[in-house]
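K.L.:
Please find the sequence and the predicted model below.
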Amino acid sequence: MKTMLFGASALAVILGAPAYAQTDQDPATPAAAPAPATAPATTARAGDIIITAPIQTSERDVLQGTTVLTGQELTRQLRPSLGETLARQPGVSASSFGPSASRPILRGFQGDRIRVLTDGIGSIDVSNTSVDHAVIIDPLLAERIEILRGPSALLYGTSAVGGVVNVIDTRIPRSVPENGYRVNGIANYGSAANERSGGMAGDVAVGPHLVLHADGSYLNSGDLRTGGYILSREQRAKALATAALPVDPADTDPIDYAASAALKGKLPNTQAETWTAGAGASIITDTGSLGISYSHYDSLYGVPIRYATEAGQEQEAPRLDIVQNRVDLRGEIDTGGDVISKIRVRVGQASYRHFELEPDNSVGTAFYNKGLEGRLEVVQANRGGWQGASGVQFYNRIFNVVGDEAFLPKNETNQTGLFTLQQYESGKFHAEGGVRYEITDLAARTPEDDLRFFRGSQSYHSVSGSLGASYALTDSVRVGLNGSRTERAPSAEELFANGAHAGTQAYELGNPDFRLEKSWGLEGTLHAHGDGFSFDASAYYNWFSNYISENQVAASVCQAAADPSGRVVDLPCFQYQQADARYYGFEANASVRLARIGGYVINADALGDYVHANIVDQGPVPRIPPMRVLGGLEAQGDRINGRVEVEHVFDQNHIAAFETKTNDYTMVNASIGLSPFGKDSKTTLLLSANNLFDVNARRATSFLKDFAPLAGRDFRATLRFGL
């Protein structure tokens, strides 16, 4: 808070000089426009500004794969969780731990290897701690979502080796409303879970420079309807075999294995209720802006049941009660100087807790997280084609788990990073290089009389860098090549875990002696944009040393770690280990204009992605998405847009020893978008039918894929409006 107050005071002094207010057409954040007929709606277009990049630039100029989701495409893909909202974007999958807890997966990387941001600052939750924990960002209030992959993402932390997801909202106003006020709203219904949700956000100008903001959202959904059996074929066979065995007379509460095997349709214990509220204010002048906001997030949701299929297994119906209170500050100064053009500051502080509830509503385990993250950037003026941005970033997290299933000690993480990104452009040639130096201190605050956990601290110094260049072969075609060297400090979970974790049904064991995880990366890109066509592709290869992964080992390993505290290990034993690893893959998407018929433009588009990941001398990295292709046909008009698409996800047979195979599936989706007052109106109605043939699909990246299929046939209606 001291940092926030100091930054606010400094900016307030600089902004105190009289100036004219900015209008809605702030050049730094252009208004979203309908996708032009010559480009796919799912991909950033040549005119899109990538706000996530420290030096805001157009998609055509960035050297790595990027995606911008906004406008009608964001409305079409909108789901209750961030992971499911983004799951159809190139190179993106989702953890799919039920409809409420689904985190994005980028290029096969998940957890601590990607950064999920809200307006440039971390979500400050515990979603990277376990897959059953939701990301505390409400997609209903998102104005746009940016996905940045590749070397430049490292400027947001060495943990962003997989990429960055940045959700941008309007909670801190960026511009003064042209008419003195603006209101935007959304109402949504989804049939698969009887999902009813809505949100509103409004700004009002108080004088020429002060803008006040308020927003709120609400979601209520029932159990998710799926397209077939709840349990996979293998798990149903196990359950039926167990049901045929004699019942133990001493078992006073026997499990009905046959009933579990027969479950179809509704996915039990997946209901959810979430509401948010926020308020903000900004001072906006010609020389910059300074804004602050407060937000509250409150959610109660169920997690799919991991059904017992063999004797001795337990099955629970966990529910999570989550609350987060957060304060954010954002400021920017346009200095107009010949050396420094802008100074930006961004700070977020949040207090988070969630309770894992027992069937009688008592609290079984409580998670507490307090976080503070701040970022200061100095942007250089463009001098002869040379420009850059440098800065410092600080992050503090105090995390504690209390209760029967505490698998981590109370711990604190402090990170300080210094970074710079430099760009040079001359004619058809564009070059970019970045360096980040980061100090990470992690400490386990275990009491001396607590024998469950490691007590002590670790400190890491890491240096990461990237260098890339691109060349315009023609006015429409640009090729690029990036190289990167990254060093990532282990997370507290990877160092200090020692306990049973019900969410993943595993006894998790860390290693406090881990070294830095290091990798080399190479990425080639191709961007082609012209009259009537668009094509973007990236191919990448990553070489890891000291790669940290969680592998199943003999139960005796975990029992030895549990013995000092007298615990008994009754779950499979998973230990974090370090080894060499290799990741490689590609993502590509294209669009072509087929025809103009009357007032409509007919476009065809397609995307595909693939990732292969191995731990050297051990085998496949677990929970890697298989190859996927998606093709669509779209008719775009001033008032009506119609789309049909087919997505095929291939088998995943390249699996770790403790995984099961995942079958392929094909989904067909259709939608129609209506703009009754014309394409420039903010009022749109989107009607969509997803998974039209009610396919029973399972995502290979999910811990619960054998117990929780994806949504079945789902009819959705979404109304967006604005004043």
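P.N.:
Cool, got the structure.
K.L.:
State which strand of this structure is the longest.
P.N.:
For the chain, the strand with the greatest residue count under DSSP state E is strand 573-597.
K.L.:
who does the helix or strand following that strand touch, helix- and strand-wise?
P.N.:
Going down the chain from strand 573-597, the next helix or strand is strand 600-615, by DSSP states H and E. If you count contacts as 3 or more Cβ pairs under 8 Å, 6 or more residues apart in numbering; DSSP states H and E, strand 600-615 packs onto strand 533-553, strand 573-597, strand 628-636. Using the backbone N, CA and C atoms, a C-beta is placed for each residue, glycine as well.
K.L.:
got the angle between the longest one and strand 628-636?
P.N.:
By that I understand strand 573-597. 30 degrees (axes from the mean of the first three to the mean of the last three Cα atoms, to 10 degrees).
K.L.:
So which residues make contact with stretch 399-414?
P.N.:
126, 129, 356, 363-369, 394-398, 439-446, 450, 452-455, 491-493, 496-502, 508 (Cβ atoms under 8 Å, 6 or more residues apart in numbering).
K.L.:
distance between the ends of that stretch?
P.N.:
End-to-end distance for stretch 399-414, by Cα to Cα, to the nearest Å: 12 Å.
K.L.:
hang on, the earlier thing: adding mean pLDDT, write the helices and strands packed on strand 600-615 out as JSON lines.
P.N.:
Shown next, in JSON lines, are these (pLDDT from 0 to 100):
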{"stretch": "strand 533-553", "mean pLDDT": "94"}
{"stretch": "strand 573-597", "mean pLDDT": "96"}
{"stretch": "strand 628-636", "mean pLDDT": "97"}
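K.L.:
Throw those strands into JSON lines and include distance to Asp248 and mean neighbour count, thanks.
P.N.:
Listed next are the helices and strands packed on strand 600-615 as JSON lines, based on distance: least, Cβ to Cβ, whole Å; neighbours: other Cβ atoms under 10 Å:
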{"stretch": "strand 533-553", "distance to Asp248": "27", "mean neighbour count": "20"}
{"stretch": "strand 573-597", "distance to Asp248": "25", "mean neighbour count": "18"}
{"stretch": "strand 628-636", "distance to Asp248": "45", "mean neighbour count": "19"}
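K.L.:
Which of these sits closest to Asp513?
P.N.:
strand 573-597 (9.5 Å; Cβ to Cβ).
K.L.:
Pairing partners for the closest one, with directions?
P.N.:
Strand 573-597 sits in its sheet next to strand 506-509 (parallel), strand 533-553 (antiparallel), strand 600-615 (antiparallel), going by DSSP bridges.
K.L.:
need these in TSV with distance to Leu408, can you?
P.N.:
Converted to TSV, these look like this (distance: least, Cβ to Cβ, whole Å):
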stretch	distance to Leu408
strand 506-509	9
strand 533-553	14
strand 600-615	24
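K.L.:
among these, which is nearest Gly108?
P.N.:
strand 600-615 (4.1 Å).
K.L.:
CA-only coordinates of that closest one in PDB, if you can.
P.N.:
Taking Å, rounded to 0.1, in the frame of the first residue of the first chain, the C-alpha atoms of strand 600-615 are listed here in PDB:
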ATOM      1  CA  TYR A 600     -22.400 -10.500 -47.400                       C
ATOM      2  CA  VAL A 601     -18.800 -11.600 -47.500                       C
ATOM      3  CA  ILE A 602     -18.200 -15.400 -47.300                       C
ATOM      4  CA  ASN A 603     -15.000 -16.400 -45.500                       C
ATOM      5  CA  ALA A 604     -13.400 -19.800 -44.800                       C
ATOM      6  CA  ASP A 605     -10.900 -20.100 -41.900                       C
ATOM      7  CA  ALA A 606      -9.000 -22.900 -40.300                       C
ATOM      8  CA  LEU A 607      -6.600 -23.400 -37.400                       C
ATOM      9  CA  GLY A 608      -4.400 -26.300 -36.200                       C
ATOM     10  CA  ASP A 609      -2.000 -26.900 -33.400                       C
ATOM     11  CA  TYR A 610       0.200 -29.600 -32.100                       C
ATOM     12  CA  VAL A 611       2.700 -30.100 -29.200                       C
ATOM     13  CA  HIS A 612       5.000 -33.000 -28.300                       C
ATOM     14  CA  ALA A 613       6.700 -33.100 -24.900                       C
ATOM     15  CA  ASN A 614       9.100 -35.700 -23.500                       C
ATOM     16  CA  ILE A 615      11.200 -36.000 -20.300                       C
END
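K.L.:
What residues of that strand count as buried?
P.N.:
600-603, 605-615 (16 or more other Cβ atoms under 10 Å).
K.L.:
what do you get for stretch 351-359?
P.N.:
Using 16+ other Cβ under 10 Å as the test for burial, stretch 351-359 gives 352-357.
K.L.:
contacts for it?
P.N.:
With Cβ under 8 Å, 6+ apart as the test, stretch 351-359 has contacts from 124-126, 133, 136, 317-326, 363-371, 403, 405, 502.
K.L.:
List buried members of those by neighbour count.
P.N.:
Using 16+ other Cβ under 10 Å as the burial test, those include 124-126, 133, 136, 318-322, 324, 326, 364-365, 367, 369-371, 502 as buried.
K.L.:
Inside strands: which ones of the residues you listed?
P.N.:
When DSSP E defines the strands, the subset of those inside them is 319-322, 324, 326, 364-365, 367, 369-371.
K.L.:
for these, which one is nearest Asn542?
P.N.:
Proximity of these to Asn542 was ranked by Cβ to Cβ; the top entry is Gly371 with 28.2 Å.
K.L.:
separation between that closest one and Gly532?
P.N.:
47 Å (Cβ to Cβ, to the nearest Å).
K.L.:
Residue ranges in this structure under the pLDDT threshold?
P.N.:
For the chain, applying pLDDT under 70 flags the ranges 1-65, 150-152.
K.L.:
Next, name the residue at the spatial heart of it.
P.N.:
In the chain, the residue lying closest to the centroid (Cα atoms, centre = their mean) is Pro104, at 3.9 Å.
K.L.:
all helices of the stretch 351-500 of the chain, in order?
P.N.:
Listed in chain order, the helices of the stretch 351-500 of the chain (DSSP state H, counting those that start in this stretch) span 492-496.
K.L.:
Please, where are all the strands along it?
P.N.:
Using DSSP state E, counting those that start in this stretch, the strands of the stretch 351-500 of the chain run over residues 363-380, 386-403, 411-426, 429-444, 456-472, 477-488, 498-501.
K.L.:
To Ser100, which of the ones you listed lies closest?
P.N.:
Closest approach to Ser100 among the strands of the stretch 351-500 of the chain (Cβ to Cβ): strand 363-380, 15.7 Å.
K.L.:
Just checking: what are the partner strands of the closest one?
P.N.:
Counting by DSSP bridges, strand 363-380 is paired with strand 340-357 (antiparallel), strand 386-403 (antiparallel).
K.L.:
could these be laid out in JSON lines, adding distance to Ile672?
P.N.:
Output for the strands paired with strand 363-380, formatted as JSON lines (distance: least, Cβ to Cβ, whole Å):
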{"stretch": "strand 340-357", "distance to Ile672": "39"}
{"stretch": "strand 386-403", "distance to Ile672": "42"}
